[in-house]
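> just need the structure, nothing else, for what follows:
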Amino acid sequence: MTDNGGSDLHLTPGTSPAMRVNGEVVRVKVPALNPTTSKELIYQVLTEEQKNEFEKNLDLDFSFGIKGLARFRGNVFYSKGGVAAVFRLIPSIIPDFKSLNLPNVLMEMSDVSTV
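Presented below is the predicted three-dimensional model:
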């Protein structure tokens, strides 16, 4: 995902994994995940505490990092009779204000030197 410019990875039982690339959802050319494989893949990035919380609440929001690669935000939930998840890439470079194309009034409001 990080090499393909993807922003999100979707894992759902019964379908092939999908990535969001430039706003479009693109299926990865691998076989559909069965419920067991989907759960095994997703549980690899969860701590025991997170697994317990997910199994108790049936939903989990969390973040994790892969050293030397990237950080991700994740949401784990049940879908299509199994464990599913969406992982979003968290950029390591924080964009400057101008590149976000936000109104100038927001920049003025965030300027602590004027307080």
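> now for Pro13: which residues touch it?
33-35, 38, 79-84 (Cβ atoms under 8 Å, 6 or more residues apart in numbering). C-beta: built from backbone N, CA, C; applies to glycine.
> now it: closest residue in space, sequence neighbours ignored.
Counting by Cβ to Cβ, 6 or more residues apart in numbering, the nearest residue to Pro13 once its immediate chain neighbours are dropped is Gly82, at 3.5 Å.
> what's the neighbour count on the one you found?
Using other Cβ atoms under 10 Å, the number of residues around Gly82 comes to 18.
> please report the distance of it from Asp8.
In this structure, Gly82 and Asp8 are separated by 19 Å, where distance is defined by Cβ to Cβ, to the nearest Å.
> quick one, what contacts the residue nearest to Pro13?
The contact partners of Gly82, by Cβ under 8 Å, 6+ apart, come to 12-14, 34-36, 38-39.
> now do 7 Å
The neighbours of Gly82, taking Cβ atoms under 7 Å, 6 or more residues apart in numbering as the test, are 13, 35, 38-39.
> out of those, who's nearest Asp96?
Asp96 lies nearest to Ser38 out of the contacts of Gly82, by Cβ to Cβ, at 38.3 Å.
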